[in-house]
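K.L.:
I'll drop the sequence and a predicted model, then ask my questions.
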Amino acid sequence: MGLFSSPAMKRLAWLTDIHLNFLEGTACSRFLDEVAREQPDGILISGDLAEGHTIETCLRMVAQRLTCPVYFVLGNHDFYFSNFRDVHRTVRNLCHAQSNLHWLNDGGIIPLTGNTALVGHDGWADGRFGDFFNSDVDMTDYFLIEDLARIDSHSRFEKLNRLGDEAAAFVDRLLPEALRQYERVILVTHVPPFREACRYDGEICDDNYLPHFACRALGESLTNIMQEFPAGHLTVLCGHTHGRAVVEIASNLVVKTGAAEYGAPAIQEILTV
Ligand SMILES: [Fe+2]
Ligand SMILES: [Fe+2]
């Protein structure tokens, strides 16, 4: 299966918003070789790898160049020029064919070491932070993702709410179980689940941007669950805003948002667990 089996310490390379479709020539393979040179035991990718019509090619290249287990979630860009159903089907088929490739939505609770587990879900900006109906931010999502295009803003708001609720339901189902078994859990998701972790140029996004850049439903679930597990510890790894943030939401809940630049993918961090 390509899953971890040993309880020993692991080194994990965290990548986010690598947008491999923007790389030309050999730049993609050069970046993946740079990641491979770190000799990580596993790779964590918090979404926005490519676009709907390039996700299969890009994921296959990632799986072939990086021979260790690759755990990923999908970001909004990964659905551009396509729709949720087709991308989900493509990604599932590819994960069946590539034994080291693991989409975390389908992954359950993944043991990393004896005391640390991994869970993850794509997540989505659910429109609930900030002022959705007065926002003038026209996300490309609302043109290029079939499910979100050509609908009025009330229908779109409901769809975004539902996508946020799916992420929240996922952690409600898996995270308590993970925290009963492991002291530490890493949650990988694309969209920051808290306002404070949603930054641009160092500043917290304003009410115009927040509806499209944070997932309130997921954050509320995480806060509630971590209150029930004061001795546990959760680290959330996310991206989407392309602006770095490290925020301690509670003493047992830290959120890291990765910095990213189109055309210049980078390793965010090598985590030792
Ligand atoms: Fe991105
Ligand atoms: Fe994104």
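P.N.:
That came through, no problem. Ligands and ions are numbered 1, 2, ... in the order given.
K.L.:
which of the residues in stretch 85-94 are buried?
P.N.:
Along stretch 85-94, the positions that meet the burial threshold by neighbour count (16 or more other CB atoms under 10 Å) are 87-88, 90-91, 94. (Glycine included, C-beta is placed from N, CA and C.)
K.L.:
closest point of the stretch 51-200 of the chain to ligand 2, which residue?
P.N.:
Across the stretch 51-200 of the chain, the shortest distance to ligand 2 (CB to the ion) belongs to G75, at 4.0 Å.
K.L.:
my guess is that residue contacts G47. True?
P.N.:
Yes - G75 is within contact range of G47, at 2.9 Å (criterion: CB atoms under 8 Å).
K.L.:
neighbours around the nearest residue to V273 once chain neighbours are set aside, how many?
P.N.:
With sequence-adjacent residues excluded and distances taken as CB to CB, 6 or more residues apart in numbering, V273 is closest to T116, at 4.4 Å. T116 is flanked by 22 other residues according to other CB atoms under 10 Å.
K.L.:
repeat for the one 10 residues further on
P.N.:
Each residue near D126 was counted by other CB under 10 Å, and the total is 28.
K.L.:
shouldn't it be within a helix?
P.N.:
No - counting by DSSP: H, G, I helix; E, B strand; the rest coil, D126 is not found in a helix; it is coil.
K.L.:
and it, its phi and psi?
P.N.:
Dihedral pair for D126: phi -100, psi 10, per degrees, to the nearest 10.
K.L.:
likewise the one 10 residues further on?
P.N.:
D136 adopts backbone torsions of phi -100, psi 20, taken as degrees, to the nearest 10.
K.L.:
list the residues that contact it.
P.N.:
For D136, the contact set (CB atoms under 8 Å, 6 or more residues apart in numbering) comprises N208.
K.L.:
circling back: list residues touching both of G75 and G47?
P.N.:
The contact lists of G75 and G47 share 17, 122, 190, 239-240, where a contact means CB under 8 Å, 6+ apart.
K.L.:
what helices and strands are in contact with the top helix by length along the chain?
P.N.:
With DSSP state H setting the assignment, residue counts place helix 153-181 as the longest helix in the chain. Contacts of helix 153-181 with other secondary structure elements, assessed using 3 or more CB pairs under 8 Å, 6 or more residues apart in numbering; DSSP states H and E, are made with strand 116-120, strand 184-188, helix 216-228.
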